[in-house]
Every structure is written in C-alpha cells, then in structure tokens.
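Enquirer: Sequence below, structure please.
(chains A, B, C, D, E and F)
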There are 6 protein chains.
Amino acid sequence: MDQETYDKGRRIRTQVLGESYVRNTAGDDFSGPLQDLVTEYCWGAVWGRDGLPLKTRSMLNLAMIALLNRPHELRTHVRGALNNGVSRDEIREIFMQVAIYAGVPAAVDSFRVAREAFADLDESR
Amino acid sequence: MDQETYDKGRRIRTQVLGESYVRNTAGDDFSGPLQDLVTEYCWGAVWGRDGLPLKTRSMLNLAMIALLNRPHELRTHVRGALNNGVSRDEIREIFMQVAIYAGVPAAVDSFRVAREAFADLDESR
Amino acid sequence: MDQETYDKGRRIRTQVLGESYVRNTAGDDFSGPLQDLVTEYCWGAVWGRDGLPLKTRSMLNLAMIALLNRPHELRTHVRGALNNGVSRDEIREIFMQVAIYAGVPAAVDSFRVAREAFADLDESR
Amino acid sequence: MDQETYDKGRRIRTQVLGESYVRNTAGDDFSGPLQDLVTEYCWGAVWGRDGLPLKTRSMLNLAMIALLNRPHELRTHVRGALNNGVSRDEIREIFMQVAIYAGVPAAVDSFRVAREAFADLDESR
Amino acid sequence: MDQETYDKGRRIRTQVLGESYVRNTAGDDFSGPLQDLVTEYCWGAVWGRDGLPLKTRSMLNLAMIALLNRPHELRTHVRGALNNGVSRDEIREIFMQVAIYAGVPAAVDSFRVAREAFADLDESR
Amino acid sequence: MDQETYDKGRRIRTQVLGESYVRNTAGDDFSGPLQDLVTEYCWGAVWGRDGLPLKTRSMLNLAMIALLNRPHELRTHVRGALNNGVSRDEIREIFMQVAIYAGVPAAVDSFRVAREAFADLDESR
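Expert: Below is the predicted model of the structure:
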C-alpha cells in the first residue's frame, strides 16, 4: 500500500461521500481488503488525479452507474454528485442522455433512484 | 415529426460529427426511419437541450459508450468529443475512470479505440 | 414537440399500461421532461408505427427488459403484454427462450417477476 | 442425451440456419460438446416447443442478440429470421424498438449487421 | 427428456443447493417447464460433466453471477459455494477479482450479498 | 505508487502474459498511466494476493471476460490461462458453463476466440 495515495483517497472519499459513510464502510476481516483497495485505487489513484474536476468525475459516475444498473451505488453517488456541485437539473440532463444512449428503462430506474435520494436529503434537513 | 427539433438536431449532429458523416448516414428505405429518429430525438430533443454544454455531453457519451461496448460508435464519439473541445488528456482521464467503475477490460479496449481515432486524425491532416 | 405524435403516444401508452399508470408517471419539474420524451418518442414515434402489431411489440419488450435486468419495468410490461393479448403461456415461452440466449439467472428472475405480476392481477380482481 | 430431442433440434436448426451452417459447426473434440448441447437444449428442448411459432422465436432472438451485442450471432439469426418469414421491414421495426429500449448505439450496430447480411444474401443469388 | 441426465441433475442440484431449495422451486404449470429444463441441462448436462470439480464450478458461478447482477441467484450460489467447499476467504478473493475486471460497484454489491448470506447461515445455526 | 506492489505486479503480469506482451503495452504519454495502474492495481494488488492460486484466477478471468464480451482481452487471457496450467479441456468446461449461465451466444463467441488462440499457439511452435 502507498500510504500517501491511501490518505489522499480517504480524504477525497470523505469529502464526496461524507464521514459517516466512510466510517460505516470501514470493513472487517471479510470486506476490509476491498474497502482498502477502493480507498487507495479508486479514490486515491484515480479520483485523486488532476486531469478532471470532482464535479466532472461525479457526472461521469452518474452516467456509468446508471448503465451498470447498481441502484445502491447510484444513490450513494447522487448524494456525492450534489456534494460536488452537480445540480438536480444537471442530474436530470444526465439521465435524459442515459435514456437515449442506454434506453428508456435505464433512465426510468435512474430517475426513481435520484428522486429517492433527493427525498432522503430533504427529509434529513 | 417536429421540423424545428429535427432541424436543430441535424445542425448539432453536423457540428459534432461532421457534414460528411451525417451525409453518409442519411439512410435509405431500410435505415432512413432510424436515422430520422436519431436526428430528431437524440440530437434535437436531447443534445439540443440547454441544461448541459456540448463538451459535457461528449464526456458523458465517451463513458457510456465505453460501457456499452460499441467500438464503432465509440470511435465516432471520440472524434465528436475532440470537436466539442474535450482534450486527449481528458479522454485519458475518462477512460481511467472507466477502468475503476467498469473494469480493466473495458478501459483497455477504449484506450485502443481512442488511439486508433487519434491516429486517423493525425494521418488525415 | 410534435403534438400529433405526442397525443398518439399518450393514447397507446394509456391503452397498454392503463390510465392510472400514465397519470402516476406524469412527472413534475424533475421528471416531467423524461416522461414527455418517453410519451412522444417511445410510445408515439416507435410504438405508434404500423410495422408490427402491439402484441408483437410487447413480446419483444418482455425479452429485452428481461435482458436489461430492470424488474420494475419488467413487471409493468408483463401487465402491458397481457393487455395486448399475450397469454401467460406465451410469457413462459418467451422467458424460456431468455434462459437459452441470456442464461438461467435472467430467466429465473423473469419468471419470479411474472409470477408476482400475475398474483397482483389475480388479487385485484 | 435424449435422442428424440436431439434429432428434433437438428431438424429445426437445419431448417432455420441451413444445412451448410449446421455441418460447419459440427465441432471437433474441443467444441463438439458445446454444439451437441446447443442442438439438443437450445434447438430441441426450447425452439422445439409448441408455444410459439418459429417466426416469433426469430423476432425475439433478433431483439435479444442485438442487446447481447454479439454481431456474429446476430448476422446468423438475421438470415434465420428471413428463413422463418420475418420480412426486412419487420427487422427494421425490431431494431427501432431496440433503439428505444436499449439505446441508439445498439440499434445503429444492429442495422449495420442486418445490412451486411442482406448484402451477402443479395450477392449470393 | 433424458431421465438419467435429469436424475443426475436433481441429485447434484440437491447436493449443492439443498433439498428444501429444490422442493420449493419444483414449479407449477407456469414455471415447471423452466425448472425441468434447469434441472436437466444446467445441473445434469453441464454441472454433471466430469471436467471440473464442483468447487471450481461454484467459484466460476460466483464470478459470473456477480457480473450478471442477479442478487437472488448470487445469494443462492454463495450458499451453494460454501456447500461445495469454497471458504469465505476464497469468496472474498473472487469478489476482489470482480472489482478489477468488472468494476468497483459490482464488487461492492457482491460483498453485501455475501455478507447477508453469511449472516443468514450464522443465524440459522 | 507503491514500488513493491508495482514490481510484484510486473513480475506476475510477465509470468502470465509473457515478456513481449508486457513490453508492447508499456504505454506512452496517453496510455502509460492506465498501464501503470493495471500493473500495480490489477496484477500487484489483486493477482498478487495469496488467497487463490494463479490457475484459479485464470479460470475466473475466462468466465468473466467471456461475459464482459471483450474478445481481445479474452484471447490474451486464454494464452495466460494455458501458461497458468489451465488445460484446453478445462477451458471447454468453463465456456460450457458460460453457455448455461450467460447464454449460448456468449459461449459460441468464446469458443471461437479460444480456437483462434489455440491455432496461433500451434502455428508459432
């Protein structure tokens, strides 16, 4: 493990997804190795690169996770995208583009997940 | 058909993919109805919306088409992305994020397609 | 928007999925633009074409949505297929063909979704 | 192996895809077991069922294989569909529905494969 | 149907997934034909082949069903894998390899499904 | 970057895929960052873990890459699998299991890729 990359990854992951999310996914014997891999490589080695702003990375993620059909992860990254400055209107635009390129069912599901994430946030205020 | 949306779609499609591409895909009896649908709905009704700049739409498309595993379309949209102001370095960043979220084979294939598109462009200059 | 195509789409969508479904998906500021696109483009411009009967279109949809792995949409289109004259026995045949071409897990999940849709319908009578 | 199912499968497979295709895929030590499984299980046990006409099964296959993104198989089944009485216009309708439910790139690729299959057939006449 | 292959399939399916699972999926008029197909071809004609030990087949299945994104089936096959001698540590390794080849969201979801399956088993003791 | 993990990754990658393959993918300004990520993260941090033998990791990869529908990568990993002690008969078994779980077209394509890889190897001897 490269400690500097890991620490940078933990910092970005916390900034995007929140301290409580990161604490909850800390992992035990079973899932710890995955969480460490995700922190170092996904959040440190890739999200931590200079070439794209966090907001753009979040937008790409919403499009990709919509296509990957992973609603738990999509909901997490809708929250992360809002933290990174993506507006609700921009999320709508992303998922309308999903409708064209990946089909209507992918878009309909993604809109539902986004609405649920928005409702959670509005309630928790 | 809504003529205004269709015309807007044709204009954007031409701006992004080039006049010769659009002319070549004009379609005959068999594929004409698909091409008209794509021009009006994909390029007019969605790409033509105000909510995201063309550059961002191109970046989303590169990520999505990489996941959809459609190399012909990916090559076309690499060219379109360059036309919309996405740099080669930004394309690299997008496909590195593909590596993390959709796996290494999707990224390796996408890098190869991008290199081929770059080589074509460099040769045609 | 092309009003004639939109109206035709709304008529077909209502005929296939029911008035209450269409009213429930009417959309607000967030999802309204998607719902309008789906009504015009999906239901008007494609379902509204002459080349295939509604029953055949429903059969194709069951196969496609089974592969797309979208259970909410699949349940909706199981109901739509029954409205379009696809029998329960034909739905079984479609999903057995899914087993062969897309694998056993896709078929097992699709059978479960279909049974749930059938049970809902039988209860609501 | 159930000889009766196998023989029925071989008969249907030959009827749909042609004698020369079936002979070419007969298989050796490596692929023989797969080809036998496909003949018995795919063509005998499922295509051989009474619940759907061959034409409908071909239409379902075109939609499914377009989504599965397997161009070799798609080309084979375009030919099979024509043998089973699906017209070129119906193939266009199927792939336009693919555009809506699985996205524009899946449809564009499928139209290209179909055109290539049509051109092969027109040349071989 | 080949009775010998069917019986072998039923025996292996019961050994891997348990008698109560197999009894629950016996099927009625609607799903019986699918269940018979799965027992004969999936469990008899393929799982019943000599070329790979059951443990290896289970490991392949965990990787494949993680990618197919079918959580119900994945949970069933986590249990089956444990019955076939795959350890919890080996399951972790399989899903870490899923992270690399199919992306982080597929791995995160698969770890969650595995934890739920483990918790069920630990409770039922 | 963690030099130790990178070096271990380069060693394993070379052992599995061959020195000339690794040299050819060394990367330039465009693809160098991806290749470094793959060497460290894929080959060092995951393939380099103790929990599964290389042979098992190769078998999992064949199943996964067959499903991911990436023929270039599949051909590379067929060669790698043979280097890791997977026999041609075992490769057949893996792809027959692909037929059941991911459908016949995925298996047919994978058998073709494997045959091409075998033919290349037999010729180069």
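
Enquirer: can we go C-alpha only for contacts and neighbour counts from here?
Expert: OK.

Enquirer: buried sites along the lowest-mean-pLDDT helix or strand in chain A?
Expert: Lowest mean confidence among the helices and strands of chain A (mean pLDDT, DSSP states H and E): helix A:19-24, at a mean of 88. For helix A:19-24, the neighbour count (16 or more other Cα atoms under 10 Å in any protein chain shown) marks residue A:22 as buried.

Enquirer: so what secondary structure elements neighbour that helix?
Expert: helix A:3-17 (3 or more Cα pairs under 8 Å, 6 or more residues apart in numbering or on different chains; DSSP states H and E).

Enquirer: Which elements pack onto the longest helix anywhere in chain A?
Expert: When chain A is parsed with DSSP state H, its longest helix is helix A:104-123. Using 3+ Cα pairs under 8 Å, 6+ apart as the contact test, the elements touching helix A:104-123 are helix A:54-68, helix A:71-83, helix A:88-102, helix D:88-102.

Enquirer: now the angle between helix A:104-123 and the first one, please.
Expert: This means helix A:54-68. Relative orientation of helix A:54-68 and helix A:104-123, computed by axes from the mean of the first three to the mean of the last three Cα atoms, to 10 degrees: 130 degrees.

Enquirer: Please apply the same query to the last one.
Expert: On the basis of the same axes, to 10 degrees, helix D:88-102 is oriented at 20 degrees to helix A:104-123.

Enquirer: could I get helix D:88-102 in PDB with only the CA atoms?
Expert: Extracted C-alpha coordinates of helix D:88-102, given in PDB (Å, rounded to 0.1, in the frame of the first residue of the first chain):
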ATOM      1  CA  ARG D  88     -36.800  -6.900 -43.900                       C
ATOM      2  CA  ASP D  89     -39.300  -4.300 -42.900                       C
ATOM      3  CA  GLU D  90     -40.100  -6.200 -39.700                       C
ATOM      4  CA  ILE D  91     -36.400  -6.500 -38.900                       C
ATOM      5  CA  ARG D  92     -36.200  -2.600 -39.200                       C
ATOM      6  CA  GLU D  93     -39.100  -2.300 -36.800                       C
ATOM      7  CA  ILE D  94     -37.500  -4.700 -34.300                       C
ATOM      8  CA  PHE D  95     -34.300  -2.700 -34.300                       C
ATOM      9  CA  MET D  96     -36.100   0.600 -34.000                       C
ATOM     10  CA  GLN D  97     -37.600  -0.800 -30.800                       C
ATOM     11  CA  VAL D  98     -34.100  -1.800 -29.700                       C
ATOM     12  CA  ALA D  99     -33.100   1.900 -30.100                       C
ATOM     13  CA  ILE D 100     -35.800   2.900 -27.600                       C
ATOM     14  CA  TYR D 101     -35.300   0.200 -25.000                       C
ATOM     15  CA  ALA D 102     -31.500  -0.500 -25.300                       C
END
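
Enquirer: In it, which residues have enough neighbours to count as buried?
Expert: Within helix D:88-102, judged by 16+ other Cα under 10 Å, the buried ones are D:88, D:90-102.

Enquirer: Mind putting the residues you listed into TSV with pLDDT?
Expert: Output for the buried residues of helix D:88-102, formatted as TSV (pLDDT from 0 to 100):
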residue	pLDDT
D:88	98
D:90	98
D:91	98
D:92	98
D:93	98
D:94	98
D:95	98
D:96	98
D:97	98
D:98	98
D:99	98
D:100	98
D:101	98
D:102	98
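
Enquirer: Tell me the one among the residues you listed nearest to chain F.
Expert: Looking at those and their distance to chain F, the nearest is residue D:102, at 16.6 Å (Cα to the nearest Cα).

Enquirer: Which residue comes closest to that closest one once chain neighbours are left out?
Expert: The shortest distance from residue D:102 to any residue other than its chain neighbours is 4.1 Å, reached at residue A:103 (Cα to Cα, 6 or more residues apart in numbering or on different chains).

Enquirer: still on that earlier bit, quick one: distance of the least confident helix or strand of chain A to the chain centre.
Expert: 14 Å (Cα atoms, centre = their mean, to the nearest Å).

Enquirer: Give the buried residues for the helix or strand that that helix is followed by.
Expert: Per DSSP states H and E, the first helix or strand lying C-terminal to helix A:19-24 is helix A:32-37. For helix A:32-37, a neighbour-count test (16+ other Cα under 10 Å) marks A:33, A:34, A:35, A:36, A:37 as buried.

Enquirer: which of these come close to chain E?
Expert: The subset of those lying close to chain E, counting by Cα under 8 Å from any Cα of the partner chain, consists of residue A:34.

Enquirer: Walk me through the domains of chain A.
Expert: A:1-50, A:52-125 (automatic domain parsing).

Enquirer: Would you single out the least confident of the ones you listed?
Expert: Of all those, domain A:1-50 carries the lowest average pLDDT, namely a mean of 94.

Enquirer: Mind listing what's buried along stretch A:70-81?
Expert: Residues of stretch A:70-81 classed as buried by neighbour count (16+ other Cα under 10 Å): A:70, A:71, A:73, A:74, A:75, A:76, A:77, A:78, A:79, A:80, A:81.

Enquirer: ok, which of those also contact chain E?
Expert: Near chain E, judged by Cα under 8 Å from any Cα, the entries from the buried residues of stretch A:70-81 are A:70, A:73.
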